[in-house]
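Colleague: Here is a sequence with its predicted model. Questions after.
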Amino acid sequence: MTLRIGLVGAGFIGSLHARNLFASPRFDLAVVAEPNADHARAVEELTGATIVPDWRTLVDDDSLDAVLIASPAEDHPEQVGAFARAGKHVYCEKPLGLTLEAADAAVAAVQEAGTLLQMGFNRRLDPNMAALHANVADGRVGDPLIVNIISRDPGLPDASYQRGPGKMFMDTSIHDFDTARFLAGSEIVEVSAFSAALVDELARDAGDADTCLITLRFANGALGVIDNSRLATYGYDQRAEVLGTLGLASMGNVPSTTTTVADGAGYLTPPLPDFFPERYAESYRIGLDVFADAIEKGSPVASDGHDARQALAAAFAAEQSRREQRAIPPQPVVGHPGRRVRSGWVRSPSPVGPGRNVEPGPDQKGESCPMQYVTPGVRNQRRSKRISSPHSRSARIPSGSASSRSSPPSAGCCSAMTPEWSTVP
């Protein structure tokens, strides 16, 4: 079965997804919404897909089974909601939005429609990260005590990159907030952040940062540390470890090759990958397969709207903590009692998907969870004539406004954002 999919945005990350969709036997990249002529021309030459300037055209296209959103972050909530109401499954790049209110509205729209939403937290799908998580989830190291994550970019972003207060937390650390939840198996309940602009003058002028340290407290009592930098001259540094009551599980860097040379100067190791497209290339391809399986077989998505919302809340808490110089609890979902994350998507005999991966806290057993995963298709039993699966499309409903904008190439970002995103008071 080949799924017809549309792509919104053909900028830096959008073009990466376009190449993977074009190469995947699971998808037929039918149409791309991209108003930038240069970006549109490049993806058209690569894939042969139909190019349209307005993303709303894809909302009205009944031939599409799914849409991948790689547009600027401020457009994500409206687009996710519009496509969900039209019965289309969505794979959306992070973040889910620039305010928690907008993100919550997008999640609610998906739940109401009974469609799928997979978020672009691809690091969960990296085979090395998945193996680390599996060992922790299987209890090999006992109960988690400390989750330590190092994520450092190899160089400063160029001048076109949009800097602003809290942007580093929103754009870089947000992946690590998701990874921390994933590894700890628990929700983040407290964030304390320190940041500085030590080498990037543009970041300093914009109130942004190039260096930060973040400490976390989880609902299960474990602690976390996130170490971020935009200037690691030795390469793209990606490491993680979990110290538990029975031992330690860790993930090291993945070199560009495994060849080493030894001479009179000592042992010479190969360099690290240039940046995230190279280091996490396989995870992007796996993400498409997981998304296709979720649509066709009813299996869990890799990370859902709740995961995206929780990472976003942690990013806002980090900026507030930096500004007020105190620990901040992430803002909970209204009416959501709080849960411990039990597990996530892993290649194991019994994977537990995000959304379904929550269990009550020690004094919250028996309470209902309004953000709990709702199996797509339960409330919508209509089936596409072309596809018969647990997660088939419903009837299409036109919706949405505002024009589509593409993501400009810029180091360190998965989707372009304007610096005027709001913080949570």
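Modeller: Okay, I see it. Numbers count the residues shown, from 1 in each chain.
Colleague: can you give me the strands in the stretch 1-150 of the chain?
Modeller: 3-8, 27-33, 50-52, 66-69, 89-92, 117-119, 144-152 (DSSP state E, counting those that start in this stretch).
Colleague: Could you check how far the following helix or strand past the longest one is from the centre of its chain?
Modeller: Think strand 144-152. Per DSSP states H and E, the first helix or strand lying C-terminal to strand 144-152 is helix 167-168. Chain-centre distance of helix 167-168: 15 Å, with Cα atoms, centre = their mean, to the nearest Å.
Colleague: Go through the next helix or strand after helix 167-168 and list whatever outside residues touch any part of it.
Modeller: Scanning forward in sequence from helix 167-168 by DSSP H and E, the next helix or strand is helix 174-184. Helix 174-184 is contacted by residues 94-95, 121, 123-124, 129, 132-133, 136, 144, 147, 149, 151, 187-188, 214, 216, 218, 220, 222, 224, 226, 228, 240, 242, 303, 307-308, 310-312, 314-315, 318, 341, 344 when judged by Cβ atoms under 8 Å, 6 or more residues apart in numbering. Any C-beta I mention is one placed from the backbone N, CA and C, and that applies to glycine too.
Colleague: the inter-axis angle of helix 174-184 versus strand 144-152?
Modeller: 150 degrees (axes from the mean of the first three to the mean of the last three Cα atoms, to 10 degrees).
Colleague: Helices of the stretch 101-250 of the chain, residue ranges please.
Modeller: 127-137, 167-168, 174-184, 201-206 (DSSP state H, counting those that start in this stretch).
Colleague: and of those, who's closest to residue 251?
Modeller: Proximity to residue 251, assessed across these by Cβ to Cβ, is greatest for helix 127-137 (4.4 Å).
Colleague: now the angle from the closest one to strand 144-152?
Modeller: 170 degrees.
Colleague: Relative to residue 260, how far out is the closest residue in space to residue 194 that isn't next to it in sequence?
Modeller: Using Cβ to Cβ, 6 or more residues apart in numbering and skipping residues adjacent in sequence, the residue nearest residue 194 is residue 213, 5.1 Å away. If you measure residue 213 against residue 260 using Cβ to Cβ, to the nearest Å, the figure is 32 Å.
Colleague: So for these two, which residue has more residues nearby?
Modeller: residue 213 (14 against 10; other Cβ atoms under 10 Å).
Colleague: my guess is the more buried one contacts residue 196, does it?
Modeller: No. When contacts are counted by Cβ atoms under 8 Å, residue 213 is not listed as touching residue 196 (9.4 Å).
Colleague: Can you point out the buried residues in stretch 199-212?
Modeller: Within stretch 199-212, the residues scored as buried using 16 or more other Cβ atoms under 10 Å are 200, 203, 206, 208-212.
Colleague: Over to stretch 44-61?
Modeller: 44, 47, 49, 51-52, 55-59, 61.
Colleague: now, which of those sits nearest residue 18?
Modeller: Nearest member of these to residue 18, counting by Cβ to Cβ, is residue 47, at 5.7 Å.
Colleague: which one of the buried residues of stretch 44-61 sits closest to residue 155?
Modeller: Once Cβ to Cβ is applied, the member of the buried residues of stretch 44-61 that ends up nearest residue 155 is residue 47, at 29.6 Å.
Colleague: how about the closest one, what does it touch?
Modeller: Neighbours of residue 47 in contact, by Cβ under 8 Å, 6+ apart: 18-19, 21-22, 29, 32.
Colleague: mind running it again at 10 Å?
Modeller: Contact analysis of residue 47 by Cβ atoms under 10 Å, 6 or more residues apart in numbering lists 7, 10, 15, 18-19, 21-23, 28-30, 32.
Colleague: most remote residue from the protein's center?
Modeller: Residue farthest from the centre of the chain, counting by Cα atoms, centre = their mean, is residue 264 at 44.7 Å.
Colleague: Nearest residue to the middle of this protein?
Modeller: residue 121 (2.5 Å).
Colleague: ok so, going back, my guess is the residue nearest to residue 194 contacts residue 228, does it?
Modeller: Yes. Under the criterion of Cβ atoms under 10 Å, residue 213 makes contact with residue 228 at 7.7 Å.
Colleague: Common neighbours of these two, please.
Modeller: Common neighbours of residue 213 and residue 228 (Cβ under 10 Å, 6+ apart) are 193, 195.
Colleague: Go through this protein and flag its longest helix.
Modeller: helix 305-324 (DSSP state H).
Colleague: how about it as PDB, C-alpha atoms only?
Modeller: Taking Å, rounded to 0.1, in the frame of the first residue of the first chain, the C-alpha atoms of helix 305-324 are listed here in PDB:
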ATOM      1  CA  GLY A 305       0.700  15.900  20.600                       C
ATOM      2  CA  HIS A 306       0.900  15.400  24.300                       C
ATOM      3  CA  ASP A 307       4.600  14.800  24.100                       C
ATOM      4  CA  ALA A 308       5.000  17.900  22.000                       C
ATOM      5  CA  ARG A 309       3.000  20.000  24.400                       C
ATOM      6  CA  GLN A 310       5.000  18.800  27.400                       C
ATOM      7  CA  ALA A 311       8.300  19.700  25.700                       C
ATOM      8  CA  LEU A 312       6.900  23.100  24.800                       C
ATOM      9  CA  ALA A 313       5.800  23.700  28.400                       C
ATOM     10  CA  ALA A 314       9.300  22.800  29.600                       C
ATOM     11  CA  ALA A 315      10.900  25.300  27.100                       C
ATOM     12  CA  PHE A 316       8.700  28.100  28.400                       C
ATOM     13  CA  ALA A 317       9.500  27.200  32.000                       C
ATOM     14  CA  ALA A 318      13.200  27.300  31.100                       C
ATOM     15  CA  GLU A 319      13.000  30.800  29.700                       C
ATOM     16  CA  GLN A 320      10.900  32.000  32.700                       C
ATOM     17  CA  SER A 321      13.500  30.400  35.100                       C
ATOM     18  CA  ARG A 322      16.400  32.100  33.300                       C
ATOM     19  CA  ARG A 323      14.600  35.400  33.500                       C
ATOM     20  CA  GLU A 324      13.500  35.200  37.100                       C
END
